[in-house]
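# what would the 3D arrangement of this be:
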Amino acid sequence: MALQNDNFNDNSLDAFWSKNEVGGTTTEQNQQLECDCSTDQDTCGVVTTNSHDLTTCDIQVDVVNDTCQSLELYVSLTKTTNSNPYGEDDWYRIIKSRQGEQYYVQKKVGGGASTIASGAWTSDTGSLRIVISGGTITLYEEATSRASEAYVHGSYDCYVYLNCRGVTGYLGMDTFDNFLGSSGSAGWTGGNFNGVANANIGKINGVSKANISKVNGV
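As a prediction, this is how the structure comes out:
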C-alpha cells in the first residue's frame, strides 16, 4: 500500500491515520495536526492505519510549534494506538527535543534502544525527514543529514508515526503540518517531489513559512 500526502487542511483526520493517545489529545484543526500534551508523561499523535512497504521511501513532516519535550517522526515494524511508540521493539526515529534544544536520531532493535547521533538542533521548527533507499536509511533534521547507516530491521513493512511527548516543564500544544510520504518511485524524481524541488517543499510560492506575513523578509 502506497503512502500519501496530507497537508491537514480539511480539518478532518483521514482514514490513512489512526490516533495514538496516552493522556494527550490529537486533533486535526486550524489546518494543522494539533497535539495537546498538558500533563506529565502525556503522549499523543498519529500512526498510519496500515503498514507500508518502505524499501524505497521519502517521508517528511513539518514541525510548526515545539513547546513539549519532543516532536518525533518514526518508522516502526509495529503499531500501537494506546502507548508511547518508544515502547515498541523495532523502529528508527528522529526527534526535535525542546529539553536541551537538541535533535536525536535513535533506533531500537529487538527491544534494545540506542542513540545514533545527537546535537544542537537547527531550530525549534522546520522539517523532520526519513529516506530509505538501496538498503540505507538517512534521517534529516531540516536540510541536514543527521545520520545514515545500513537499514537493520528484518522487514521494510512499517508504520509511520507523528508523535508528541510531554513531561513536566515541557508541556503544551504542539503542531505538525505538511506530511509528504512517497514509497517506491512514485512522486520522487531527481530530488523533486511531484516536480517540486526538495529545497522548496514546505514553502508557499517559493517563500518559506517563516517569512510569510513579512514584507521583504522583515
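# quick check: beta-bridge partners of the residue nearest the centre of the chain?
What sits nearest the mean C-alpha location of the chain, by C-alpha atoms, centre = their mean, is Leu73, with 2.9 Å. Beta bridges link Leu73 to Ile94, Leu162 when assigned by DSSP bridges.
# show me the contacts for it.
Contacts for Leu73 were tallied using C-beta atoms under 8 Å, 6 or more residues apart in numbering; they are 59, 61, 93-95, 128-130, 160-163. Using the backbone N, CA and C atoms, a C-beta is placed for each residue, glycine as well.
# closest one to Ser38 out of these, please.
Asn163 (15.9 Å; C-beta to C-beta).
# that closest one reaches Cys37, doesn't it?
No: Asn163 is beyond contact range of Cys37, at 10.1 Å (criterion: C-beta atoms under 8 Å).
# between the two, which has more neighbouring residues?
Cys37 (29 against 24; other C-beta atoms under 10 Å).
# do I have it right that the more buried one meets Val22?
No: with contact defined as C-beta under 8 Å, Cys37 does not reach Val22; the gap is 9.5 Å.
# please enumerate the shared neighbours of those two.
43-44.
# where do the contact lists of Asn163 and Cys37 overlap?
43-44.
# what sits closest to Met39 if chain neighbours are left out?
One correction, residue 39 is Thr, not Met. Excluding the flanking residues, the one nearest Thr39 by C-beta to C-beta, 6 or more residues apart in numbering is Gly23, at 5.5 Å.
# oops, could you answer that again for Glu141 instead?
Nearest non-adjacent residue to Glu141, counting by C-beta to C-beta, 6+ apart: Tyr103, 4.5 Å away.
# what's the per-residue pLDDT of that neighbour here?
Predicted confidence (pLDDT) for Tyr103: 97.
# give me the below-cutoff pLDDT ranges for the protein.
1, 185-218 (pLDDT under 70).
# max-length strand in it?
The longest strand of the chain (DSSP state E) is strand 172-183.
# shouldn't the residue nearest to Glu141 be in contact with Ser97?
Yes: using C-beta under 8 Å, Tyr103 is in contact with Ser97, at 7.2 Å.
# what's the overlap in contacts for these two?
With C-beta under 8 Å, 6+ apart, Tyr103 and Ser97 have common neighbours Trp121.
# more neighbours: which of the two?
More neighbours surround Tyr103 than the other of Tyr103 and Ser97, with 24 against 20 (other C-beta under 10 Å).
# which ones are touching the more buried one?
Tyr103 touches 94-97, 117-122, 141, 146, counting by C-beta under 8 Å, 6+ apart.
# swap the cut-off to 10 Å and go again
70, 94-97, 117-122, 128, 139-142, 144, 146-147 (C-beta atoms under 10 Å, 6 or more residues apart in numbering).
# give me the buried subset of those.
70, 94-97, 117-118, 121, 128, 139-142, 146-147 (16 or more other C-beta atoms under 10 Å).
# inside strands: which ones of the residues you listed?
Short answer: those in strands (DSSP E) are 70, 94-97, 117-118, 128, 139-141, 146-147.
# just those now: which is nearest Asn7?
Leu128 (16.0 Å).
# check contacts around the closest one.
Leu128 neighbours (C-beta under 10 Å, 6+ apart): 59-63, 71-74, 93-96, 103, 139-142, 146, 162, 176.
# one more time with 6 Å
Listed by C-beta atoms under 6 Å, 6 or more residues apart in numbering, the contact partners of Leu128 are 61, 73, 94.
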